[in-house]
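[1] structure for this input, please:
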Amino acid sequence: MSSGTVELKRKRLGPNLSEKHKSGPPIAPIFGWDAAFELPEIVPGEELVAYDMSGQPISGTGVDEWKCNGEIKEQKEETERQREEVQLYEARQQPAWNVSSSIGGRMINADPVFTQDEKFLILANRSSISVYSTSNSLLTTTLIPKVDVVKRPNARIIAYCISPTNPDHIWVAFADGAIYYINWISGEGADEFWTLSSNGCIHMTVASMVSGGRRRDVVFATELRSDKAWRITANELSLPGSKLPSASITIFTSTQMVNYLKSANEGEVLVATAEKSIMLGFLATDKYETLDKIRYEFRVFDSSAFISAIDVRCSIPHKEDEEDEVVAKRKGKKQKQKQKPKPIVDVVVGDAKGSIFVHNDLLRNLLNKERLKQESNISLLPQKLHWHRQGVQTVKWSLDGAYIISGGSETVLVLWQLDTGRHQFLPHMAATIQNVVVSPAGTSYAVQLKDNSAMILSTAELKATSNVAGIQSSVLAHEESIEVKVQRVEDEPLAHSLFQRTPATINPSDPSQLLVAVGQEHELHPIKPLALKRPYLQTFDLKNARSVGRQALTRSNITNINVAPGFGRMTEPTVTHMKLSFDGKWLATIDEWTPSEADLEHILHAGMDGIDERWRRREVCLKFWQMGQGEVWELVSRINAPHSFEDAAGAGRVLDLAADPSSTRFSTIGDDAVVRTWVTRSRKRDNVVVRGRYGTPLKNWDCHQSASMGKHGLDDNDRLQPRSVNGCVAFSEDGSILAVAAGGDNDGLLHLLDADSGTIRLSLNKMYEGHILQIDFLGQDLITLSDKVLLYDIAANEMRLSFGLTSEVTKLELSQKLEMLHLAVDPKSRTFAVATPGYAHDPKNLKTLLNLRSLLNQCSHLVVFSPKQRLPVFKQIFGTVITALLPAIGSEGFMFLDSAAEIYTCFQQGTHVVTAMAQSTSALKLEGSDNEAEDTMDISEDEDEHLGFLPGEDKKIANNPNFSFNFEDDETPVVTQQKLSEVFDIGPSFALPPMEELFYQVAGLFLGPPMTPAT
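    Just a heads-up that it's a prediction; the model follows:
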């Protein structure tokens, strides 16, 4: 048997057992954690035996054996009892694992909301409402409506607005038809909701209306009917304490989806859009006692293109209703009584082709046109404005009606002065402008960008006075943008439906900083996803849940003209890998750029192969960055084509990047099957060390050594055929060993290299099955992720654990596995975590193959293992796709980012979580409390409980002769300053944990040895 070659198989010793003999409750093969893993259950009648490569059984592998004596029926109850005892014992040895509440999240595409006094700005993501101070941008309150995710799996916020009747409350609409009425100051009402429609809600607006001598909020919503048509409903909901019942009435129906709705002039006017149609509704009568008697009249007219933005402004005319007088004179009649004049309704419309249409006094013009018919010379043609080159994302009236504010994908805020026809620009807004809102006093603009940020601009100087930025990773789009219906040159979609992993890392020198590679495309189509381009680096503060920096890592194209000669969008390089050095001072990134097929059409007419040409023109760069002044990463070295082919042109892809956890060293493996190690060298000129501005020696990075793991070359047709389509590399914890695996279908071959010399010290077979996806070290254990999860003890030369992935995972394409399977190792808790994709719903219940391919039906299984246990210490299913899985540096556990741009922490109970400080100022009680004396804990009354005993339990233990307290004078623990710093230096003084938690942590440092039985 060759050194290190071990293969695990099952050897049947007795009859097979039924399913009920297996530990744990039976779980459907698609749901539960075993939807991703086939547990190596060792049951009676089975023995786990190790075999060498010749097929001969071997002994001494360290694998536990559980043999059956053939009397299965007699030992059945005893076996189950022992199994339960073992599982209970193992569970007690490990602290319970939990998942923290999420931070971050993607802002929904809805208008931000100013409070009435403009002191706060309200924003929302899919599950919560956030209230920010406009003076300092701090998060003051977070409102989380209570949702039962089991009964309401599709619940997500789609619209929200301040109550015009009671400004202290906010209306929140969910996609499943639920409506909440929440006090945004106190949070009351977050656990109660009304259901408007079982078919879901699309949009919502609220108006304060007066009738029957009372004023109340009327909720207008667009809904899907059972017959697949759409409708607009008016709803009066019975508030807590009200004796009036809830009422609802349908005021308009449409055969097209009504995707936008807005009310004006206290509900007297409604404006809605549906594809190319505009619906303008007005209140037919203001004399109604109950809501079921309310009546609206609608006028529908079409636009020349799909409507992407709309706004309405109402004003009351100062003179009498002149059009009624004109009509009466032409008919030769006198008006008998004065009617309430119709408001002046001005509507501005932005379409998906970049045009803006201004309709002045639209309602009265429509009514007069109908009354006068052929006799009128009234024109309904709008004023047309055009500057945007693509769809208008948002358009709004200024408070006085003299200006129009618009924005789109050009990242330019445009202000149109209607009287003079001039316009003003505010360029370089960093991302597509998604929504613009004018404050109630007209002194500020709230601008929401597509990169998950929002800012407040002063209307006088157009300068930012407040800024809020969240995590800018990509998310799944729940509905299609109206722009997709405009025929344009599209980017190439991915070959298979997948969500690309997000390159991310945590700064070891500051565990509260999360570094994420982000781009401009922030929403991914769930069925036809495009290849994401991530040219930027975002630094996200986990303690405060906000972005603290963003810079470009590659060339970028944030410009108002981002169109190639072929009318397609210019593609940018994307960052594929990113690692930080052990001290957090150096950042290594890999970026890659490949021309699209459209860019090569002009040279493919001569019979040239498009795939080969794309490979030959591919650009790959390895870059090393050093933290400079102003907390900005400065580029130190750029290495073009770090892995290139000697017998063919073009840069080879970098398949993996690893950082040495003990020194400033990185390693890469490319599709040329070559492993290279990169180190720093002092920059010299004429043998003199070159120093920087502050006298520090300047460094360069270059290749220290390389080792080939295989061969590559050209086939008989001179086509470039790289041998390795995937590969992995990882350093051991002490940096002495470099594990390398490349390619697939090579009998699971893995090499262990001397990290200093680069020589192969050991080669192991059967270390993975299929294609290798990821490898990592946990102490002396080597963990590989492929179609199996294997844990191999290098020191003992034995296989310790082996978990097989189910067919639901193994049948995925290689590209899907590489992007959607994750492995992370936590050296502090001595555990490792694996995340695999799965179905959020049973595929048998999905009606079409299109739904089956949708990423919205994908979920993730997160499982945490300990090498000391066969069963996982933690397992949970998440309704979103995990895009990044990292060890939570600075604490025990793991941190992961999902397809909703939300960050979670999986941690052991009793450990500090970095994201615990990411709370609102009200949750941290920074404003002070009037009842501080009442909140103070009385230690004397609960002394026994604080010591860890139940009341009276200490007396029982003291009287028990089987226990003794072994506190010796020489065993007094020594508490260093570093230990105390780990407790107190976790953030600013105002954000420290509660005093009770600090007490427990400090007391734990000074406690003596644990209570042990007396011998």
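[2] what residue lies at the spatial centre of this protein?
    Among the residues of the chain, the one closest to the centroid is Ala901, at 1.5 Å (Cα atoms, centre = their mean).
[3] pretty sure that one contacts Val475?
    Yes - taking Cβ atoms under 8 Å as the definition, Ala901 is a contact partner of Val475 at 5.0 Å. C-betas here are computed from N, CA, C, even on glycine.
[4] between these two, which contacts overlap?
    Overlap of the contact sets of Ala901 and Val475 (by Cβ atoms under 8 Å, 6 or more residues apart in numbering) consists of Arg106.
[5] give me the residues contacting the one helix or strand Glu223 maps to.
    Using DSSP states H and E, Glu223 maps to strand 214-224. Applying Cβ under 8 Å, 6+ apart, the external contacts of strand 214-224 come out as 163-166, 171, 173, 177, 179, 196-197, 199-209, 230-237, 251, 257-259, 261, 263, 267, 270, 272, 291.
[6] hmm, try it at 6 Å
    163, 165, 196-197, 199-209, 230-236, 258, 261, 263, 267 (Cβ atoms under 6 Å, 6 or more residues apart in numbering).
[7] so the following helix or strand past that strand versus strand 214-224, what angle?
    Following strand 214-224 in sequence order, the next helix or strand is strand 230-236 (DSSP H and E). Strand 230-236 and strand 214-224 meet at an angle of 160 degrees, taking axes from the mean of the first three to the mean of the last three Cα atoms, to 10 degrees as the criterion.
[8] describe which strands strand 230-236 pairs with in its sheet and in which direction.
    strand 214-224 (antiparallel), strand 247-254 (antiparallel) (DSSP bridges).
[9] deepest of those strands, which one?
    strand 214-224 (a mean of 20; mean count of other Cβ atoms under 10 Å).
[10] quick one on the thing from earlier: is it true that the residue nearest to the centre of the chain touches Arg106?
    Yes - applying Cβ atoms under 6 Å as the test, Ala901 and Arg106 come out as touching, 4.2 Å apart.
[11] thinking again about what came up before, show the buried residues in the contacts of strand 214-224.
    Among the contacts of strand 214-224, the ones that count as buried by 16 or more other Cβ atoms under 10 Å are 163, 165, 196-197, 200-207, 209, 230-236, 258, 261, 263, 267.
[12] all helices of this structure, in order?
    Along the chain, the stretches classed as helices by DSSP state H are 72-93, 322-330, 362-372, 610-616, 807-810, 814-820, 849-853, 932-935, 943-946, 953-958, 977-984, 995-1006.
[13] what's near enough to touch the closest residue to Ser133 other than its chain neighbours?
    Excluding its sequence neighbours, the residue lying closest to Ser133 (Cβ to Cβ, 6 or more residues apart in numbering) is Thr140, at 5.3 Å. Contact analysis of Thr140 by Cβ under 6 Å, 6+ apart lists Val131, Ser133, Ser920, Thr921, Ser922.
[14] if we can go back for a sec, in strands, which of the contacts of strand 214-224 fall?
    Judged by DSSP state E, the contacts of strand 214-224 include 201-209, 230-236, 261, 263 as members of strands.
[15] just to revisit the earlier point, among the contacts of Thr140, which lie within strands?
    Val131, Ser133.
[16] correct me, but His386 touches Phe357?
    No - using Cβ under 6 Å, His386 is not in contact with Phe357; the gap is 9.8 Å.
[17] list the contacts for the closest residue in space to Asp217 that isn't next to it in sequence?
    Counting by Cβ to Cβ, 6+ apart, the nearest residue to Asp217 once its immediate chain neighbours are dropped is Thr165, at 4.9 Å. Each residue near Thr165 by Cβ under 6 Å, 6+ apart is listed here: Ser208, Arg215, Asp217.
[18] tell me what the first one is bridged to.
    The residues listed as beta-bridge partners of Ser208 by DSSP bridges are Asp217.
[19] distance of it relative to Ala264?
    To Ala264, Ser208 is 12 Å away according to Cβ to Cβ, to the nearest Å.
[20] where does the stretch 651-800 of the chain have low pLDDT?
    Scanning the stretch 651-800 of the chain for pLDDT under 70 picks out the ranges 711-724, 744-745.
[21] ok, what's across the strand from Ser406?
    Val395, Val414.
[22] residues near it, how many?
    Using other Cβ atoms under 10 Å, Ser406 has 26 neighbouring residues.
[23] separation between it and Leu462?
    From Ser406 over to Leu462 (counting by Cβ to Cβ), the distance is 14 Å.
[24] same check, this time on Leu750
    59 Å.
[25] of those two, which one has the most company?
    Neighbour count, other Cβ under 10 Å: between Leu750 and Leu462, Leu750 has more, with 25 against 13.
[26] how far away is that one from Ala159?
    Taking Cβ to Cβ, one finds Leu750 at 53 Å from Ala159.
[27] repeat for Asn765
    58 Å.
[28] perfect, I'm done here.
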